[in-house]
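Engineer: Give me a 3D structure for the following:
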Amino acid sequence: MKYFGSLIKNIDKTLLIIPAIFAVISIVMIGSTAYDGSFNFTRGMKIQLIAFVLGYIGLFITLLFDYQKFERWEKIFYAVSIVLLLTVFIPGLGLEQYGSRAWLKFGSITFQPVELVKIAFILFFSAYLSRNRESLDTLKGLASAGLYICPFIGIVVLLQSDLGNALVMCFIAFAMIFVAGVDLKLYRRIILAIAALTPVAYLLMKDYQKKRIYGFFHQNDLSIKENWQVWNSKVAIGSGGVSGKGLFEGTQKELDFLPVQDSDFIFSVIGEELGFLGAAAVILLYALMLYRLFRVATNTKDLYGMLIVYGILAMFFFQIFENIGMTMGVMPVTGITLPFISSGGSSVLMNMIALALALNVCIRSKLINF
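Structural biologist: Okay, the predicted model is just below:
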């Protein structure tokens, strides 16, 4: 216990405090989406509060384990992740919604296994890259790394039809391979080759996914459902002006023009009610969080720990950029939620565990460096 106490002294307090600030923003804004003339502490708000409390408990429990021992569990994480992704196809347990079969339903509670798998993905891929670092300078080595993660991307895209989370995992993988020290010339060639195969990937998409991509390149066509959603989102953000219409006073939200207000498009509610200043404050908080994660990663001496933190940084960055971008029409609609703020207990819990892993590396790398 004394040893753990000395570790905790090294924790990045900024990364510890930021989720608490997000918790306040999240609960208040979720409450705003349910506001109907009087403020009620809704079920969604209660779930979000419980998720943050459990998240902090999970965070400190995660800190008890030395992250370096996770490297030995690579095969276990890999196998369990495959099983988790396939559980959504169990009749009576798996649930299909929003065009994807990617949820598990336990009574009134739903859980998306891929949220947990993304964390496991970072852990076992970090172990793989650490073990095969020297081979990444060859085409064979890069191809092997791609084949290693291919089953996960395939299940999420082809079987679950969850393009958004598949893109998150691809971005994480590309970032981690880059950080691992791949040959840059070879890396560029691989990216160009993948870009050339994009039309093939498009042909394999579901119809609703193709409509989203088409809509993104034809944003003035309001006959497309997704374009209508984004148009209303941009109206909401733009109408907020500098200081916003006031908390609980959003008209686009109140008239239900905004879709999925408490989740996918919660940033639009922030922009309408809190204005440019409120939206900018949220973005600055995210920027501070990402910067602190970057500092943790650059101060980590062992490759495995560094890859874990960079993987978590990449995951948060892409999800933040994609969610805020889609509300403004600069990214296609994918259904990716805004970390720590969008409604969703399981999402909050997994984000807290991901942050806990980064803090785990932080406290132990500082002790090693000393």
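Engineer: Let's test this: mean pLDDT of stretch 220-232, rounded?
Structural biologist: Averaging pLDDT along stretch 220-232 yields 78.
Engineer: Could I get the contacting residues of Thr62?
Structural biologist: Ile353, Ala356, Leu357, Asn360 (C-beta atoms under 8 Å, 6 or more residues apart in numbering). Where you see a C-beta, it was placed from the backbone N, CA and C, and this is true even at glycine.
Engineer: Assign it to helix, strand or coil.
Structural biologist: Three-state call for Thr62 (DSSP: H, G, I helix; E, B strand; the rest coil): helix.
Engineer: Tell me which entries of the contacts of Thr62 lie within helices.
Structural biologist: Ile353, Ala356, Leu357, Asn360 (DSSP state H).
Engineer: and the residues you listed as JSON lines, adding neighbour count?
Structural biologist: Formatted as JSON lines, these follow (neighbours: other C-beta atoms under 10 Å):
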{"residue": "Ile353", "neighbour count": "18"}
{"residue": "Ala356", "neighbour count": "24"}
{"residue": "Leu357", "neighbour count": "24"}
{"residue": "Asn360", "neighbour count": "24"}
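Engineer: Helix or strand next in line after the longest strand seen in the chain, which one?
Structural biologist: For the chain, the longest strand by residue count, based on DSSP state E, is strand 100-106. The helix or strand immediately downstream of strand 100-106 is strand 109-111, counting by DSSP states H and E.
Engineer: If you count neighbours, what's buried in the helix or strand just after that next one?
Structural biologist: Per DSSP H and E, the first helix or strand lying C-terminal to strand 109-111 is helix 113-131. The neighbour-count check on helix 113-131 (16 or more other C-beta atoms under 10 Å) flags 113-130 as buried.
Engineer: do the same with stretch 177-190
Structural biologist: Buried residues in stretch 177-190, counted by 16+ other C-beta under 10 Å: Ile177, Val179, Ala180, Val182, Tyr187, Ile190.
Engineer: Sort out for me which of those are in helices.
Structural biologist: Using DSSP H, those in helices are Ile177, Val179, Ala180, Tyr187, Ile190.
Engineer: Buried ones in the longest helix along the chain, by neighbour count?
Structural biologist: Secondary structure of the chain read by DSSP H shows that its longest helix is helix 266-298. Residues of helix 266-298 classed as buried by neighbour count (16+ other C-beta under 10 Å): 266-275, 278-279, 282, 285-286, 289, 292-293, 296-297.
Engineer: Same question for stretch 212-223.
Structural biologist: Buried residues in stretch 212-223, counting neighbours by 16+ other C-beta under 10 Å, are found at Arg212, Ile213, Gly215, Phe216.
Engineer: quick one: that stretch to chain centroid distance?
Structural biologist: Relative to the centre of its chain, stretch 212-223 is centred 25 Å away, using C-alpha atoms, centre = their mean, to the nearest Å.
Engineer: ok, so what distance separates Gln209 from Tyr202?
Structural biologist: Distance, Gln209 to Tyr202, using C-beta to C-beta, to the nearest Å: 9 Å.
Engineer: Looking at the two, which is more packed in?
Structural biologist: More crowded of Gln209 and Tyr202, by other C-beta atoms under 10 Å: Gln209, with 21 against 12.
Engineer: Need the three-state assignment for the more buried one.
Structural biologist: helix.
Engineer: hang on, isn't it packed against Gly164?
Structural biologist: No - assessed by C-beta atoms under 8 Å, Gln209 is found out of contact with Gly164, at 9.5 Å.
Engineer: burial count for Gly107?
Structural biologist: Residues within reach of Gly107, counting by other C-beta under 10 Å, total 5.
Engineer: Now render the ones in helices among the buried residues of stretch 177-190 as a markdown table, adding pLDDT and distance to Tyr78.
Structural biologist: Output for those, formatted as a markdown table (pLDDT from 0 to 100; distance: C-beta to C-beta, whole Å):
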| residue | pLDDT | distance to Tyr78 |
| --- | --- | --- |
| Ile177 | 94 | 17 |
| Val179 | 93 | 20 |
| Ala180 | 92 | 18 |
| Tyr187 | 82 | 24 |
| Ile190 | 81 | 22 |
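Engineer: Identify the farthest-apart pair in those.
Structural biologist: For these, the farthest-apart pair by C-beta to C-beta is Val179 and Ile190; their separation is 15.3 Å.
Engineer: low-confidence ranges in the chain?
Structural biologist: For the chain, the stretches flagged by pLDDT under 70 are 1-6, 37-39, 204, 366-370.
Engineer: Report the central residue of it.
Structural biologist: Gln319 (4.3 Å; C-alpha atoms, centre = their mean).
Engineer: any idea how far Ala196 lies from Arg189?
Structural biologist: Distance from Ala196 to Arg189, counting by C-beta to C-beta: 11 Å.
Engineer: who touches both of the two?
Structural biologist: Counting by C-beta under 8 Å, 6+ apart, nothing touches both Ala196 and Arg189.
Engineer: which strands and helices sit next to the helix or strand following the longest helix of the chain?
Structural biologist: Downstream of helix 266-298, the next assigned helix or strand under DSSP H and E is helix 303-328. Based on contacts counted as 3 or more C-beta pairs under 8 Å, 6 or more residues apart in numbering; DSSP states H and E, the elements that helix 303-328 packs against are helix 113-131, helix 163-180, helix 225-239, helix 266-298, helix 345-369.
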